[in-house]
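K.L.:
Just need the structure, nothing else, for what follows:
(chains A and B)
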Amino acid sequence: MTSPLQQKIKVAGPVVVTGNRLADGAVIYRTGAGGWTTELAAAAVVTTSEAAMALLAAARAELVRVVDVYVAPVALTDGKPRPGNLRERIRAAGPTIRLPLQAVPRDLHVCA
Amino acid sequence: MYVHDEFDRTLIAERVEEFRDQVRRRLSGELSEDEFKLLRLLNGVYLQLHAYMLRIAIPYGTLSSAQLRMLAHVARRYDRGYGHFTTRQNIQFHWIKLAELPDAMADLARVGLHGIQTSGNSVRNVTTDQWAGVAPDEIEDPRVWAEVVRQHVILHPEFTFMPRKFKIAVGAAAHDRAALRIHDLALRLHRNEAGELGFEVMVGGGLGRTPFLAKTIKQFLPTRHVLSYVEAVLRTYNQFGRRDNAWKARIKILVHDLGAQAFAREVEQEWLPIKDSAIALDDAAVAAIRARFRYPDYEHLADDPVELKKARATDRRFATWHGNAVARHRMPGYAIVTLPLKAEGETPGDATAEQMDAIADLADRYSSGEIRVGHEQNLVLPHVRQRDLYPLWRALDAVGVATPNVGLVSDIIACPGLDYCSLANARSIPVAQELTRRFRDLDLARGLNRLHINISGCINACGHHHVGHIGILGVEKNGEEYYQVTIGGRADEDAELGALLGPAVPYGQVADVVEDIVAAYVELRERPGEIFIDTVKRVGVEPFKERIHAAR
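P.N.:
Modelled structure (predicted):
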């Protein structure tokens, strides 16, 4: 049986690898330098299944900094990635509704 | 109020320290996510789209003012200044940090609150009528029996890893305010012909992808046997429930596949050997639990005091609120007051820390320090002297929890949906908010009588859409949000599942469709007082379908 890590990923366009930061659950993206960022614009974008699998495998090897890692679609505008679907738009920008009291995030933008 | 004993306090405190150690080991990498996930789910900790979520049980929906203040403190100190009351008498905090969770839990434990068994495949928070103990139409306070069951199933090793989660509700009134028929197991207290107390036992209810209403498997179970029978149901489910397929693992599927009668026979076989065992209840054991529920020292008062009469006669806004949010209490001169968390344009069920603090203060002043949480995502002050209603209303109005829309079209039940939840396919909250704007005219809304709208952002049905008079289910089609609309559902003693009106409609059309349904109701009802659900029952779904389709 093929391990899930060895299974092929269908990639039909530009994608990034994303997950949630372990310590606080914040949405983070894999960078080209092998780190993580909370800014989608700074994420590594790949366009082939092989590249996506490599990026994902490296990300999954990290046990401490990140959880629930997966490949997410993006669209490119002027070479910069933006979320590829509504779920990813909400993950990147937060709820589409006004939070009570316009509650202010506590150190949301601190990088992992 | 229920008063915790030393046993409860020790158990919760020890659990916090155990979880603190588990979090420490996870953050250091000693535990993998697979290992840790199982542990966090034993404590009500989920990972959502943007952050961790902590779900805290409010057993049988009863909170003290001290507990509500602590929830406000947790909202302020560890979250973003608000909390979300759910459809199962829980509260959720949606922005909690893993590293801070043990401290938040330790603070909660100081007032007897915790997240144990609010997630995972365990027996969840036992729920009941939010008017328990004060409703004029009840036989006995159902919380006593909810507590009897809670004590038995909390951390019960046999029922910690069942095929799927298991939800129990208890009711004891003529009118079902606890949505009994949509629970895995429901106990309805009633009297037999001899005048003895016992339970009607219903099993196999549940919504989700395959909705079923619970079926009665025992018409009269003497109260002394409630624990052995609940245990027999759980054992039967544990033995035969499907563990191979999460979508078919709930007890509703087992009851449906076996048939209610065959399931009842299996339970009976399991029950008879343990019926008179050590878990048969004696009067002293029940009395000991009953004694831990403290009621206010009610004054001898008369209904409709002069202060109330005068306020109703002179203040129209107050009179409107009084006619909507105030219900009769079992004690003369007292009232039950509902505080809707459904202001125009706001998120159903959300309360800010400031609101929680203010409500806790008002509960101390006007409701013997007690607050209730209902499955409709509203709060209740259960012991208000009628003569205090006017000053209470003015204070509630200032806090934003006196919108006179209880039970009306804008008193919407909604799950968090795709704005927060990783399971969701579509958003629920903006749909609910738009509907509260469309129906902002409360004079018009009152003319529509009782009308419940329920919204879920996915088929898991946390918004109970199947039993909404109008039910709205978010689905995803080719990357876009669509919504299926049902009508005719209800969650009370005449529970029904709604019927689909037609193909799903896109996000931008949902509020229009609801307005069309409401317009059709106004046209079809036989008299102004016929409520929506009765009109649907009388004319069926077709006339609604015709009008909706004619409108587009």
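K.L.:
contacts and neighbour counts: CA atoms only from here.
P.N.:
Noted.
K.L.:
Show me what from chain B comes close to chain A.
P.N.:
B:26-29, B:32-33, B:47-52, B:80-82, B:96-99, B:346, B:350-352, B:418-420, B:429-430, B:479-480 (CA under 8 Å from any CA of the partner chain).
K.L.:
can you tell me which of these are in strands?
P.N.:
B:47, B:52, B:82, B:96, B:350-352, B:480 (DSSP state E).
K.L.:
Can you list phi and psi of the residue in the stretch 101-250 of chain B that chain A sits nearest to for me?
P.N.:
Closest to chain A within the stretch 101-250 of chain B is B:Leu101: 9.7 Å, counting by CA to the nearest CA. Dihedral pair for B:Leu101: phi -60, psi -40, per degrees, to the nearest 10.
K.L.:
cool, and A:Arg98?
P.N.:
The phi/psi pair for A:Arg98 (degrees, to the nearest 10) reads phi -70, psi 130.
K.L.:
Just give the number of residues close to it.
P.N.:
Around A:Arg98 there are 13 other residues, counting by other CA atoms under 10 Å in any protein chain shown.
K.L.:
Please report the distance of it from B:Ile429.
P.N.:
Distance of A:Arg98 to B:Ile429, computed by CA to CA, to the nearest Å: 10 Å.
K.L.:
I'd assumed B:Tyr390 was in a strand, is it?
P.N.:
No: the assignment for B:Tyr390, made by DSSP: H, G, I helix; E, B strand; the rest coil, is helix rather than a strand.
K.L.:
is it true that it touches B:Lys309?
P.N.:
No: in this structure B:Tyr390 lies outside contact range of B:Lys309 using CA atoms under 8 Å: 10.0 Å.
K.L.:
Give the residue from those two that has the larger number of neighbours.
P.N.:
Higher neighbour count among B:Tyr390 and B:Lys309: B:Tyr390, with 19 against 13, using other CA under 10 Å.
K.L.:
residue contacts, that one?
P.N.:
When contacts are counted by CA atoms under 8 Å, 6 or more residues apart in numbering or on different chains, B:Tyr390 touches B:307-308, B:311, B:318.
K.L.:
cool, B:Gln117 as well?
P.N.:
By CA under 8 Å, 6+ apart, the neighbours of B:Gln117 are B:41-44, B:123-125, B:154.
K.L.:
what about 6 Å?
P.N.:
The contact partners of B:Gln117, taken as CA atoms under 6 Å, 6 or more residues apart in numbering or on different chains, are B:42, B:124.
K.L.:
separation between it and B:Phe7?
P.N.:
From B:Gln117 over to B:Phe7 the distance is 17 Å, taken as CA to CA.
K.L.:
repeat for B:Tyr78
P.N.:
27 Å.
K.L.:
Please apply the same query to A:Ile97.
P.N.:
Remark: distance between A:Ile97 and B:Phe7 (CA to CA) = 43 Å.
K.L.:
Which single residue of the stretch 301-450 of chain B ends up nearest chain A?
P.N.:
B:Asp419 (4.5 Å).
K.L.:
so how many other residues sit close to that residue?
P.N.:
Neighbours around B:Asp419, by other CA under 10 Å: 26.
K.L.:
Look up how far B:His175 lies from the residue nearest to it when sequence neighbours are not counted.
P.N.:
In this structure, B:Asp419 finds its nearest non-sequential neighbour in A:Pro95, 4.5 Å apart by CA to CA, 6 or more residues apart in numbering or on different chains. Separation of A:Pro95 from B:His175 (CA to CA) stands at 37 Å.
K.L.:
So for those two, which residue has more residues nearby?
P.N.:
The neighbour comparison of A:Pro95 against B:His175 (other CA under 10 Å) goes to A:Pro95, with 20 against 15.
K.L.:
Look up the pLDDT of that one for me, please.
P.N.:
pLDDT, the model's per-residue confidence, is 97 for A:Pro95.
K.L.:
before we move on, what about B:Glu18?
P.N.:
The model's pLDDT for B:Glu18 equals 97.
K.L.:
Next one: it relative to B:Tyr60, how far apart?
P.N.:
B:Glu18 sits 26 Å away from B:Tyr60, going by CA to CA.
K.L.:
out of the two, which sits in the busier spot?
P.N.:
Each of B:Glu18 and B:Tyr60 has its neighbours counted (other CA under 10 Å); B:Tyr60 has more, 29 against 13.
K.L.:
in chain A, which spans are strands?
P.N.:
Counting by DSSP E, chain A has strands at residues A:15-21, A:27-30, A:36-37, A:66-77, A:80-83.
K.L.:
in its sheet, what does the third one sit against?
P.N.:
What it means is strand A:36-37. For strand A:36-37, the paired strands and their directions (DSSP bridges) are strand A:27-30 (antiparallel).
K.L.:
Other residues contacting the strand it pairs with?
P.N.:
A:17-20, A:36-38, A:43, B:50.
K.L.:
List the buried residues for stretch B:109-116?
P.N.:
Residues B:109, B:111-116 are the ones in stretch B:109-116 that count as buried (16 or more other CA atoms under 10 Å in any protein chain shown).
K.L.:
now, which of those residues lie within helices?
P.N.:
Residues from the buried residues of stretch B:109-116 lying in helices, with DSSP state H as the criterion: B:Ala109.
K.L.:
Wait, A:Ala43 touches A:Thr31, no?
P.N.:
Yes: with contacts counted by CA atoms under 6 Å, A:Ala43 reaches A:Thr31, the gap being 4.6 Å.
K.L.:
now the most centrally placed residue in chain A, nearest residue through space, not along the chain?
P.N.:
Residue closest to the mean C-alpha point of chain A, counted by CA atoms, centre = their mean, is A:Thr18 at 1.9 Å. Leaving aside its chain neighbours, A:Thr18 sits nearest to A:Tyr29 (4.4 Å; criterion: CA to CA, 6+ apart).
K.L.:
try B:His464
P.N.:
What sits nearest to B:His464 in space, not counting adjacent residues and going by CA to CA, 6+ apart, is B:Asn454, at 6.0 Å.
K.L.:
Give me the neighbour count for that neighbour.
P.N.:
Neighbours of B:Asn454 (other CA under 10 Å): 28.
K.L.:
I'd like the next helix or strand past the host helix or strand of it.
P.N.:
Using DSSP states H and E, B:Asn454 falls within strand B:453-456. Per DSSP H and E, strand B:453-456 leads on to strand B:470-477 as the next helix or strand towards the C-terminus.
K.L.:
That next one pairs with which strands, parallel or anti?
P.N.:
strand B:453-456 (parallel), strand B:480-487 (antiparallel).
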